[in-house]
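Visitor: coordinates only, no sequence provided:
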């Protein structure tokens, strides 16, 4: 075949592709131009005027209404549910179906990360979500608590304050770094005192392959700006009891530390026993601080448990899984509430023991990592 | 060729830095369906299903959980299961959501394999062993040999 013919064919194809790309680009702009849309939330409680075309999750975030989400809008967590009463075609998208049960379908519950704003809408969301704020903070300090846990202390912008209940969590946003080209956010329990309104402390245990913890461990530096939203969650102190049994493992210590300080600083009468489970001595942290609290406040007892102490650890405390200590030291659930935070495996084992001892679903509160 | 926007979204979400730092595709240029088909063909040669492999992996992880984060003996293996904060959803968006959990398993010859709960789900529910070069890619034949699986 003549070489010039081939060249002409390739050239023609390139021109056609270019024209098609321009046409697609123009048509996208025309077809996806939904103009200004009105969003009515909770029957007039909030009225928004927004540019259409984006997902409901992002649109609401742009208006400082933060719907909890753990996957950043990729339809893999199923948490960002809202009731869409009007304004979107009925019928779920295939990406929503696994997360919405029959009852929720009847109530028009949708995943806000999948629904696009294409016209006026009426929504129903939990009132308390209006209290969630976004914060741009200064990274004031990063401390290695163990070989794989970092504590990050964040200072809020001047004049800004946060009110949270001890036990609640924040969503922390990472920035692009290395191979990660986009912002992602994940949930982290607050470890600082709820009386501290201008700072937040979070604990980050490095997750293999984790985007957000990888960012904190590898890229975040003192002096950087960090973005968060919150506070979220219903893991907080009820206190309808005489004694609080607190149980944590790993970075699950974070909300428990905050709870302990809430009791102490508010002069609450509760006794507290804190069982902190770890494998070896190098996994324990905040040891001196909790030992000092125990010394200063007789109502507080700290019980670190090492499952596999090494000879050089010269460990004299409780040896064995935290479950063994619970079996031995908790007689019954009378007058007690239990607060747990840790890995699902540890929590499941502890909850089983607590229930065997008379604790109930009404007296056990937990923040399972999952 | 990708079939529809959902497939395109899937291919995109599987790349590094989307759902996990290193992604599910590694440096594999093949389409996800192609990766699945190629691995399926490998399994067909030995008459073992992806579901059977996943069931075996799941059972071993469940037994390993008894070690509560430390290595413990399970049959001929030593298994360590570590759990991390948060959870991981299935990139196929099928509603699967599981704690971030890594299983490190060592056989008597000293060979070690590592898998996550998402690995197990991807293999069992989607026949997806991940792309070549992906951090958690598990070679089907290597797994079969390691788990000492035989055709029914």
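Guide: That came in fine, so what should we check first? All figures in this text were calculated on a predicted structure; none of them were measured in a lab.
Visitor: all strands for chain B, in order.
Guide: Secondary structure of chain B (DSSP state E): strands at B:72-74, B:77-89, B:97-106, B:112-116.
Visitor: in its sheet, what does the lengthiest strand in chain A sit against?
Guide: The longest strand of chain A (DSSP E) is strand A:133-144. Here strand A:133-144 is paired, per DSSP bridges, with strand A:149-155 (antiparallel), strand A:225-232 (antiparallel).
Visitor: let me see the ranges of the helices in chain A.
Guide: A:3-31, A:56-62, A:102-106, A:211-218, A:253-265, A:287-296, A:322-329, A:344-356 (DSSP state H).
Visitor: which residues of the stretch 1-150 of chain A lie near chain B?
Guide: A:70-71, A:74-78, A:94-95, A:97-99 (CB under 8 Å from any CB of the partner chain). Any C-beta I mention is one placed from the backbone N, CA and C, and that applies to glycine too.
Visitor: now the buried members of these.
Guide: A:70-71, A:74-78, A:95, A:98-99 (16 or more other CB atoms under 10 Å in any protein chain shown).
Visitor: okay if I get those residues as JSON lines plus distance to residue A:350?
Guide: Below are those laid out as JSON lines (distance: CB to CB, whole Å):
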{"residue": "A:70", "distance to residue A:350": "23"}
{"residue": "A:71", "distance to residue A:350": "28"}
{"residue": "A:74", "distance to residue A:350": "32"}
{"residue": "A:75", "distance to residue A:350": "32"}
{"residue": "A:76", "distance to residue A:350": "28"}
{"residue": "A:77", "distance to residue A:350": "25"}
{"residue": "A:78", "distance to residue A:350": "26"}
{"residue": "A:95", "distance to residue A:350": "35"}
{"residue": "A:98", "distance to residue A:350": "30"}
{"residue": "A:99", "distance to residue A:350": "28"}
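Visitor: my read: residue B:152 touches residue B:46, true?
Guide: No: here residue B:152 does not reach residue B:46: they are 11.1 Å apart, not a contact under CB atoms under 8 Å.
Visitor: give me the more crowded residue out of those two.
Guide: Just comparing residue B:152 and residue B:46: by other CB atoms under 10 Å in any protein chain shown the higher neighbour count belongs to residue B:46, 13 against 7.
Visitor: gap between that one and residue B:151?
Guide: Between residue B:46 and residue B:151 the computed distance is 6 Å (CB to CB, to the nearest Å).
Visitor: one more: residue A:360?
Guide: Note on residue A:360: its distance to residue B:151, by CB to CB, is 49 Å.
Visitor: so which residue of the stretch 101-250 of chain A comes closest to chain B?
Guide: Proximity of the stretch 101-250 of chain A to chain B (CB to the nearest CB) peaks at residue A:180, 3.7 Å away.
Visitor: so what's that residue bridging to?
Guide: residue A:177.
Visitor: how about residue A:141?
Guide: Beta-bridge partners of residue A:141, as defined by DSSP bridges: residue A:153.
Visitor: show me the shaky parts of chain A.
Guide: Counting by pLDDT under 70, the ranges of chain A that qualify are A:1-3, A:6-7, A:10, A:13-14, A:17-19, A:21-32, A:90, A:368-370.
Visitor: scratch that, chain B
Guide: In the predicted model of chain B, residues B:1-5 satisfy pLDDT under 70.
Visitor: need the contact list for the residue positioned nearest the centre of it.
Guide: The centre of chain B sits closest to residue B:119, judged by CA atoms, centre = their mean, with a distance of 2.4 Å. Residue B:119 sits next to B:57, B:130, B:136, B:138 when contact means CB atoms under 8 Å, 6 or more residues apart in numbering or on different chains.
Visitor: now do residue A:98
Guide: Counted by CB under 8 Å, 6+ apart, residue A:98 has contacts A:78, B:93-96.
Visitor: switch to 10 Å and redo it
Guide: Going by CB atoms under 10 Å, 6 or more residues apart in numbering or on different chains, residue A:98 touches A:75-76, A:78, A:92, A:111, B:89-90, B:92-97.
Visitor: most neighbours, which of the residues you listed?
Guide: If you rank the contacts of residue A:98 by neighbour count (other CB under 10 Å), residue A:111 sits at the top with 29 neighbours.
Visitor: beta partners of it?
Guide: On the basis of DSSP bridges, residue A:111 is bridged to residue A:81.
Visitor: check residue A:246 too.
Guide: residue A:274, residue A:339.
Visitor: quick check: it touching residue A:330?
Guide: No: using CB atoms under 10 Å, residue A:246 makes no contact with residue A:330, being 11.7 Å away.
Visitor: okay, those two: which has more neighbours?
Guide: Each of residue A:246 and residue A:330 has its neighbours counted (other CB under 10 Å); residue A:246 has more, 25 against 22.
Visitor: wait, what's in contact with the more buried one?
Guide: A:253, A:255-257, A:259-260, A:263, A:272-276, A:300-303, A:337-341.
Visitor: ok, residue A:162 next?
Guide: Residue A:162 sits next to A:133, A:135, A:137, A:156, A:170, A:190, A:192, A:194, A:196-200, A:228, A:230-231 when contact means CB under 10 Å, 6+ apart.
Visitor: now list the buried members of those residues.
Guide: The buried subset of the contacts of residue A:162 (16+ other CB under 10 Å) comprises A:133, A:135, A:137, A:156, A:170, A:190, A:192, A:194, A:196, A:199-200, A:228, A:230-231.
Visitor: can I get those in CSV with distance to residue A:144?
Guide: CSV is the format used below for the buried ones among the contacts of residue A:162 (distance: CB to CB, whole Å):
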residue, distance to residue A:144
A:133, 29
A:135, 24
A:137, 20
A:156, 23
A:170, 21
A:190, 19
A:192, 17
A:194, 25
A:196, 22
A:199, 19
A:200, 19
A:228, 21
A:230, 24
A:231, 26
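Visitor: among these, which one sits closest to residue B:73?
Guide: residue A:190 (39.3 Å; CB to CB).
Visitor: okay, and the beta partners of the closest one?
Guide: Assessed by DSSP bridges, residue A:190 has beta-bridge partners residue A:202.
Visitor: quick check: it touching residue A:258?
Guide: Yes: look at residue A:190 against residue A:258 with CB under 10 Å: they come within range, at 5.6 Å.
Visitor: now list whatever residues contact both of those two.
Guide: Joint contacts of residue A:190 and residue A:258 (CB under 10 Å, 6+ apart) are A:164-168, A:196, A:201.
Visitor: picking that back up, mind checking which of the strands of chain B is nearest residue A:239?
Guide: Of the strands of chain B, nearest to residue A:239 by CB to CB is strand B:77-89, at 25.7 Å.
Visitor: buried stuff in that closest one?
Guide: In strand B:77-89, counting by 16+ other CB under 10 Å, buried: B:77-89.
Visitor: and stretch A:127-137, by the same measure?
Guide: A:129, A:132-133, A:135, A:137.
Visitor: so residue A:250 makes contact with residue A:203?
Guide: Yes: using CB under 10 Å, residue A:250 is in contact with residue A:203, at 8.8 Å.
Visitor: need the overlap of contacts for the two.
Guide: A:146, A:149, A:285, B:85.
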